[in-house]
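# I'll drop the sequence and a predicted model, then ask my questions.
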Amino acid sequence: MRHVAALAMVAMAAMGIAACTTQSRAPDPARYASIVAAPDRAAADRVNDVRRKPADLLAFTGVRPGMVVEDLSAARGYTSELLARAVVPGGKVYAQNAPRNPAPAPVQPEGTAAPAAAGTPAPMPTLAVRLRNPGLAGVLEPVTRPFEDPVPPQAQGRLDLVTLMFNYHDFGHLGVDRAQVNQAVFRALKPGGAYVIADHAGRAGTGISESGTLHRVEEALVVREVEAAGFRLAGRGDFLRNPADPRDRNTPEPPMPKDEFVLRFVKPG
């Protein structure tokens, strides 16, 4: 048993995780910085860090050890992995993705892809690759469920935090029932639990009409729709804002960071 415990401590250290025994501990910016700086994180994730500012995001969510979290529309799991590192020890992160199209394009088996050409950035790790990290065993769990019913039965009423990173706008052109999504999240969260949404900001009055073209959504629409499910807007993060972005293109011209909002909603209780 001592040997097993020692191995767990080594894995936690490699992941930039300091031991913590209580969920009630206040968010610790230094801990979030150490998680982001962990030496075993993928190089492609570090490239993405420049745009995503993950230490600021983790601090804004308030994620702590022992929490039960779900990351909606997790894709390859960039945010899911960060959250999983932050909830250790004692926590759990469900990485949700919708079922695949029943007739998808052929996909090469894991590990059989042709090597990237010289100078081409390495692709971001898939969820399957991330799960090979022993420090995430039993912490990070993939979930395949529809967006309108995204929470597995074992997590119902147990979630402390739900995140949705840069995909709320996609619900528009994908025809997802956003009201059902928000209501499902509301039911699954504990009273006082948080729902954090980040997305690419659209222009005033555009709503979600440019979701499939500019991949943007109007912030005010997101606030209205999420509050309609019973949530209270508790905070706005400005660490990804860029007021110079005219918000009239998918990729701004001249080149610059997109204007992006981050919202934190709370389930009253």
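Happy to help now that I have it.
# for this structure, what's the longest strand?
Ranked by residue count under DSSP state E, the longest strand found in the chain is strand 189-200.
# So which bits of that one are buried?
189, 193-200 (16 or more other CB atoms under 10 Å). Glycine gets a C-beta too; all of them are placed from N, C-alpha and C.
# which one of the residues you listed sits closest to R41?
Distance to R41, by CB to CB, is smallest for A198 among those, at 19.7 Å.
# and that closest one, what is it in contact with?
Counting by CB atoms under 8 Å, 6 or more residues apart in numbering, A198 makes contact with 57, 164-166, 237, 240, 260-263.
# Near G66, how many residues? Count them for me, please.
Applying other CB atoms under 10 Å, we find 17 residues neighbouring G66.
# Please renumber the chain so that the first residue is 525 from this point on.
Renumbered: residue one is now 525, and that last one reads G590.
# Distance of it relative to F584?
Computed as CB to CB, to the nearest Å, the G590 to F584 distance reads 19 Å.
# Surely P649 is in contact with G601?
Yes: at 7.4 Å, P649 and G601 qualify as touching, with contact defined as CB atoms under 8 Å.
# quick one: which of these two has more around it?
Using other CB under 10 Å as the criterion, P649 and G601 rank with G601 on top: 26 against 20.
# any idea of the pLDDT on that one?
We have a pLDDT of 98 for G601.
# Check what pLDDT the residue lying closest to it once chain neighbours are set aside gets.
For G601, ignoring the flanking residues on the chain, the nearest one in space by CB to CB, 6 or more residues apart in numbering is L651 at 4.2 Å. Note on L651: pLDDT of 96.
# circling back: average pLDDT across the longest strand of the chain?
On average, strand 713-724 scores 98.
# swap in stretch 575-592?
98.
# Buried ones in that stretch, by neighbour count?
Buried-residue list, stretch 575-592, by 16+ other CB under 10 Å: 576-592.
# Stretch 652-669 now?
Applying 16+ other CB under 10 Å to stretch 652-669 flags 653-655, 657, 659-660, 663-667, 669 as buried.
# mind putting those residues in JSON lines, distance to Y556 and secondary structure included?
Formatted as JSON lines, these follow (distance: CB to CB, whole Å; DSSP: H, G, I helix; E, B strand; the rest coil):
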{"residue": "V653", "distance to Y556": "23", "secondary structure": "helix"}
{"residue": "R654", "distance to Y556": "19", "secondary structure": "helix"}
{"residue": "L655", "distance to Y556": "22", "secondary structure": "coil"}
{"residue": "N657", "distance to Y556": "18", "secondary structure": "coil"}
{"residue": "G659", "distance to Y556": "16", "secondary structure": "helix"}
{"residue": "L660", "distance to Y556": "17", "secondary structure": "helix"}
{"residue": "V663", "distance to Y556": "17", "secondary structure": "coil"}
{"residue": "L664", "distance to Y556": "17", "secondary structure": "strand"}
{"residue": "E665", "distance to Y556": "22", "secondary structure": "strand"}
{"residue": "P666", "distance to Y556": "24", "secondary structure": "strand"}
{"residue": "V667", "distance to Y556": "24", "secondary structure": "strand"}
{"residue": "R669", "distance to Y556": "28", "secondary structure": "coil"}
